[in-house]
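[1] return atomic coordinates for the entry below.
(2 chains)
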Protein chains: 2
Amino acid sequence: MVETIQWTDEGVVMIDQTRLPREQVFVTCRDYKEVAEAIRSMVIRGAPAIGVAAAMGVALGVREGADFETVCQTLAQTRPTAVNLFWAIERMRRVAAAMNGASSGEVAARMIEEARGIREDDIAICRAIGRNGAPLVPDGKTVLTHCNAGALATAGYGTALGVIRAAAESGKQIDVFADETRPFLQGSRLTAWELQQDGIATTIITDNMAGHFLHSGRIGCVVVGADRIAANGDVANKIGTYSVAVLAKENGVPFYVAAPVSTFDLSIPSGEAIPIEQRSAAEVTHVFGVPIAPESIAVANPAFDVTPARYVTAIICERGVARAPYEESLRNMLR
Amino acid sequence: MVETIQWTDEGVVMIDQTRLPREQVFVTCRDYKEVAEAIRSMVIRGAPAIGVAAAMGVALGVREGADFETVCQTLAQTRPTAVNLFWAIERMRRVAAAMNGASSGEVAARMIEEARGIREDDIAICRAIGRNGAPLVPDGKTVLTHCNAGALATAGYGTALGVIRAAAESGKQIDVFADETRPFLQGSRLTAWELQQDGIATTIITDNMAGHFLHSGRIGCVVVGADRIAANGDVANKIGTYSVAVLAKENGVPFYVAAPVSTFDLSIPSGEAIPIEQRSAAEVTHVFGVPIAPESIAVANPAFDVTPARYVTAIICERGVARAPYEESLRNMLR
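    Purely as a prediction, here's the structure:
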């Protein structure tokens, strides 16, 4: 399994997710600004992975002697929707605050240790999500997933793909349908690539085919990740998730969300308050630089949507499986 | 407005829809086999347009002295889903059968006349569909459409886009959201291009954004075309139509199908019996020749899906507006 993100003496090394699957290129971010740019340009993406990246960015910033608040704010302003980014920065901030009086060298060493710890934790959390979710996956059917909530979206193993991997490892006979997930094509470029390497049978479909196959009876369940989950169980995730959830419910197919508790944002009562990132028109009008639309046409490009909790069968996290009413079950998970 | 398909002395001239919008290239089919290949490779596509193309292909075949049955069968085997293809071939067959005893020159002249007539009829039919549908389009809102049911899918003016054009011509303040419609990108390549030329404000979205915008309250209605409509009102149309219909219903947005009566196939009781074309994996894994997926990954590529009649608010044809129960209303339209 390829490493998504690692701390090295030279800096933070990431596989460039804008160039997969055709090219496996690793980039090294040598200062915090390079980490911020890597998050913004989606060299690294996926809520847990950008949490790890942000933590490592903070550590780099401290090591290079930059102003702590500037470092945190620069990293916080890269992308607005995934809450793990803010969660990771906050965790780094608390550790720094507790070191009042320590030497700058001591603080830097501790920040690096903490960032590496967040990465290690994330892999363990994904494994636990997998263990908790695997029993929910119907044997002998196809699992549908959207976007990439895999090893590449985390420090390793994945959330939604962690559930799929754990189900396969437990001996269940499953295969996967991966929505290609326009415009960034995380499904065809990343999910298909990851699962192909694991030997899990995977079929790419365009996003607009998901309904057809949910209606066909072939899909046993849907498993997706999350970028932020509100107190009432509303889920912000990659654009298109809402459509898949509605179509799953309409056809009686369970719809599962797999995400670490760091994705829960109980300060937000419902999904309506979750900020939705708008990205550039070029992501829609061009594919790998090739124009596929008339020049100067208008484009909408919301990167996420919100799935109301009523479409979510269960939320699988590292501490267990939460079901409606989510106000209660999510709060209990955080106790 | 560009001409989709025309009869000329040199042969059947079509704009190559595989190369729009970046290149406007016209191809001339000089014999019936070239017409068959143009339909198969989607140089021309859209149910009414391939009906016109098939009729002109039959006329070419008769003019070149090919065996009549071979010509009809070759053209009928190009694509299985749109019934207009078979309807047009049948219409040509009836005219030929009525000319028993005529000279081959007389038959060829009559075939050419009939094929040109089908083209002229189609433009008039689209205008009538537009007139019938325009009153249904809410003023001051956005119309969502999927695929291209426009001038390029017909001999001119369009079915779904005919309704949009007629609504705009009647003075309604509307704009259009066009699903890009993977894998062939008829929405971003063709619909956006057509409407941009007409000065109708158009925004491209990826297919997986449709649900998000249907949920937002911005969309006043959905209008799409059809490739075949069964006796019970089930509608076969471009893959993804079913998803849009479910999402429209879930959000209380009217879902209209605009299609000529030549698209009705009352010999088929329900959509389950409509053959769904499966197209090549390369349409999904490559965009204008650029690979966007891992090599040798599995792909599903059904070109159409079936929308059950319960999601269809009304079917707009050249003779009026049919509503449920469709068994009755569609039969009445054909009287």
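
[2] neighbours of the closest residue to residue A:277 other than its chain neighbours, how many?
    Nearest non-adjacent residue to residue A:277, counting by CB to CB, 6 or more residues apart in numbering or on different chains: residue A:303, 4.4 Å away. Yep, even glycine has a C-beta here, placed from its N, CA and C like the rest. Other residues lying near residue A:303 total 21 when counted by other CB atoms under 10 Å in any protein chain shown.

[3] repeat that for residue A:116.
    Neighbours of residue A:116 under the rule other CB under 10 Å: 17.

[4] verify the stated contact: it with residue A:7.
    Yes. Residue A:116 lies in contact with residue A:7 (CB atoms under 8 Å); the separation is 5.2 Å.

[5] how about residue A:20, what does it touch?
    The contact partners of residue A:20, taken as CB atoms under 8 Å, 6 or more residues apart in numbering or on different chains, are A:152, A:189, A:190, A:193.

[6] gap between it and residue A:151?
    For residue A:20, the distance to residue A:151 equals 12 Å [CB to CB, to the nearest Å].

[7] mind exporting stretch A:292-312 as CSV, just the C-alpha atoms?
    Extracted as CSV, the C-alpha positions of stretch A:292-312 are listed here (Å, rounded to 0.1, in the frame of the first residue of the first chain):
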residue,chain,number,x,y,z
ILE,A,292,-14.7,19.6,-22.8
ALA,A,293,-17.1,22.6,-22.8
PRO,A,294,-17.6,25.7,-24.9
GLU,A,295,-15.4,28.6,-23.9
SER,A,296,-16.7,31.2,-21.4
ILE,A,297,-19.7,29.0,-20.4
ALA,A,298,-20.9,29.5,-16.8
VAL,A,299,-20.2,26.7,-14.4
ALA,A,300,-21.3,25.8,-10.8
ASN,A,301,-18.8,23.8,-8.8
PRO,A,302,-19.8,23.2,-5.2
ALA,A,303,-17.3,20.6,-3.9
PHE,A,304,-19.6,19.2,-1.3
ASP,A,305,-23.3,18.7,-0.5
VAL,A,306,-25.2,17.9,2.6
THR,A,307,-27.1,14.6,3.1
PRO,A,308,-29.9,15.1,5.6
ALA,A,309,-29.7,12.6,8.5
ARG,A,310,-33.0,10.9,7.5
TYR,A,311,-31.2,9.3,4.5
VAL,A,312,-28.4,7.9,6.7
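
[8] which parts of it are buried?
    Neighbour counts over stretch A:292-312 (16 or more other CB atoms under 10 Å in any protein chain shown) mark A:292-294, A:297-309, A:311-312 as buried.

[9] give me the distance from it to the chain's centre.
    17 Å (CA atoms, centre = their mean, to the nearest Å).

[10] could you give the average pLDDT over it?
    For stretch A:292-312, the mean pLDDT works out to 97.

[11] and if you look at stretch A:162-177?
    98.

[12] ok so, going back, near chain B, from the contacts of residue A:20?
    Checking the contacts of residue A:20 against chain B by CB under 8 Å from any CB of the partner chain, the ones in range are A:189, A:193.

[13] quick one: end-to-end distance for stretch A:198-213.
    This stretch, stretch A:198-213, spans 24 Å end to end (CA to CA, to the nearest Å).

[14] measure residue A:287 to chain B for me?
    The spacing between residue A:287 and chain B, counted by CB to the nearest CB, to the nearest Å, is 4 Å.

[15] how about the nearest residue to that residue once chain neighbours are set aside, phi and psi?
    Leaving aside its chain neighbours, residue A:287 sits nearest to residue B:287 (4.4 Å; criterion: CB to CB, 6+ apart). When quoted as degrees, to the nearest 10, the phi and psi of residue B:287 stand at phi -120, psi 120.
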